[in-house]
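Novice: quick one: sequence and predicted model below, then my questions.
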Amino acid sequence: MARKQVRGNGEPAPVDEMPTVPIEVHRASTSFDSHKVASARHNGLEPLLRHARGAVTTGFGMWAKFSTRLVRQWGWFPKVEPYAGYGTGDYARLVCRTVLAPGGSRSGELMRGIRGMLAVPAAGVRVKIAIDDVPVNSVQVGVSEVYDRYDTSREISSSYAMSDRAGYLDLVAERGSTPGIHHVSYQVAGRGKVDSELFVVPSNAKVGIITDVDDTIMVTQAPSPVKAAYNLLLLNPKKRTSVPGMGALFTKLADMLPDAPFFYLSTSPWNVESSIRNFITEHGYPAGPLLLRDLDPRPKTFIPSGVEHKLEFVEQLMEDFPDMKFILIGDDGQKDPVTYATIARRYPGRVLAIAIRELSPRESSPLAEVAGLTATQPMPVTDVPVFTGTTGSNIMKTMLPYLRQTLGLSATD
């Protein structure tokens, strides 16, 4: 199919007498058979890669045991690192992690990536959860990083949830919530409550924005392993820079589509969530949940590729919001064009537009400029209009008029 590509230029409230009722949480089934998927992945791996992953898994296990014993001797005990979740109005998806930390440690504090990566997981920790101060009866969904489809047929409840061997909890809570930002509290023994946000999407929202983070809104130079590692692990998170023009583009989209949710997708691990969250807030990007991945070697989905990770989460959003159409925003440095084209083909009519930010040769690779290369990935082949540009301003000039026309909005919107 021929692709359509457009290139840009350049004041008190009454007391609620209703009783407090616990919120149920249900075990869920995946939108696809994750065991078969995991098996297929495993069988398709080259022997050398399988051995490498086995070695890393063994190494991580040894490090986790050693570090756990060590920090326990120091008096460290579990705390919760909460992550922002999202809700559909009928249910909420919640994610948090339990790690070992000293008594004075605070959750969600901004830190360099290397500190986050060295966090010691606290396995099998009981966590009590509440949404807007209403306790959640919860159950551990599973150890797969793949978010699961809500399923009322598998109901198991208790007064707490228990983290998996890497410290993670992935929960689906039955909850009818009004649109907007709600508060989720997590608590483990010996610690005070810690809070995170729950973004509940309006039921009448017809358009959503799914955007990559690395090199799409935040400069990370992901195609260059050395530079990406430095930016992820060592760079002061307060010094992270925004991709030129992208803040303006996102502000315009938020003004044009005030009910549209923003979902931020990154191949970065949950360990650096605080750093990315701080970036989004400090640079004025619209608030929204982060969808990151787990780099700790859990058995099902150990270090999936960027394409696998993004496909899984985008497909889950498609399932969670079946009446919503999406604008997909990414860059040409990590196969976003291929990933988004795949989504457009799998879900015909669900993708309004694709925006691809083109990396410069210097951003894509130290050798690309010398070799005369101008793009790291080809543009997607799809019937969905694709808008490209090196900055957010370039993309904004062509994509916004198209969206206004397609959605029947006036020029003042």
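Specialist: Done, it's in. Residues are numbered from 1 along each chain as shown.

Novice: going forward, measure contacts between C-alpha atoms and count neighbours the same way
Specialist: Will do.

Novice: so where's the stretch 1-150 of the chain shaky on pLDDT?
Specialist: In the predicted model of the stretch 1-150 of the chain, residues 1-46, 49-50, 52-54, 56-57, 109-117, 138-150 satisfy pLDDT under 70.

Novice: all the helices of it, residue numbers only.
Specialist: Taking DSSP state H, counting those that start in this stretch as the test, the helices found in the stretch 1-150 of the chain are 34-43, 47-73, 113-117.

Novice: just the stretch 151-300 of the chain next, same as before
Specialist: Ranges of helices in the stretch 151-300 of the chain, per DSSP H, counting those that start in this stretch, are 225-229, 246-256, 273-282.

Novice: the nearest residue to residue 126 once chain neighbours are set aside: neighbour count?
Specialist: Closest residue to residue 126 apart from its sequence neighbours, by Cα to Cα, 6 or more residues apart in numbering: residue 162 at 4.5 Å. Residues lying near residue 162 (other Cα atoms under 10 Å) number 20.

Novice: related to what we said a few turns ago, in JSON lines, list the helices of the stretch 151-300 of the chain along with mean pLDDT, distance to residue 338 and mean neighbour count.
Specialist: Shown next, in JSON lines, are those (pLDDT from 0 to 100; distance: least, Cα to Cα, whole Å; neighbours: other Cα atoms under 10 Å):
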{"stretch": "helix 225-229", "mean pLDDT": "57", "distance to residue 338": "20", "mean neighbour count": "14"}
{"stretch": "helix 246-256", "mean pLDDT": "96", "distance to residue 338": "21", "mean neighbour count": "18"}
{"stretch": "helix 273-282", "mean pLDDT": "88", "distance to residue 338": "24", "mean neighbour count": "19"}
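
Novice: as JSON lines, those with distance to residue 176 would be great.
Specialist: Converted to JSON lines, the helices of the stretch 151-300 of the chain look like this (distance: least, Cα to Cα, whole Å):
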{"stretch": "helix 225-229", "distance to residue 176": "41"}
{"stretch": "helix 246-256", "distance to residue 176": "25"}
{"stretch": "helix 273-282", "distance to residue 176": "26"}
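
Novice: which one of those helices lies nearest to residue 197?
Specialist: helix 273-282 (11.5 Å; Cα to Cα).

Novice: mind exporting the closest one as CSV, just the C-alpha atoms?
Specialist: Below are the C-alpha coordinates for helix 273-282, written out as CSV (Å, rounded to 0.1, in the frame of the first residue of the first chain):
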residue,chain,number,x,y,z
GLU,A,273,10.3,6.4,36.3
SER,A,274,10.9,9.3,38.7
SER,A,275,13.4,10.9,36.3
ILE,A,276,11.0,10.8,33.3
ARG,A,277,8.0,11.9,35.4
ASN,A,278,10.0,14.9,36.6
PHE,A,279,11.0,15.7,33.0
ILE,A,280,7.3,15.7,31.8
THR,A,281,6.3,18.0,34.7
GLU,A,282,9.2,20.4,34.5
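
Novice: residue 392 reaches residue 251, doesn't it?
Specialist: No. Judged on Cα atoms under 8 Å, residue 392 makes no contact with residue 251 at a distance of 10.8 Å.
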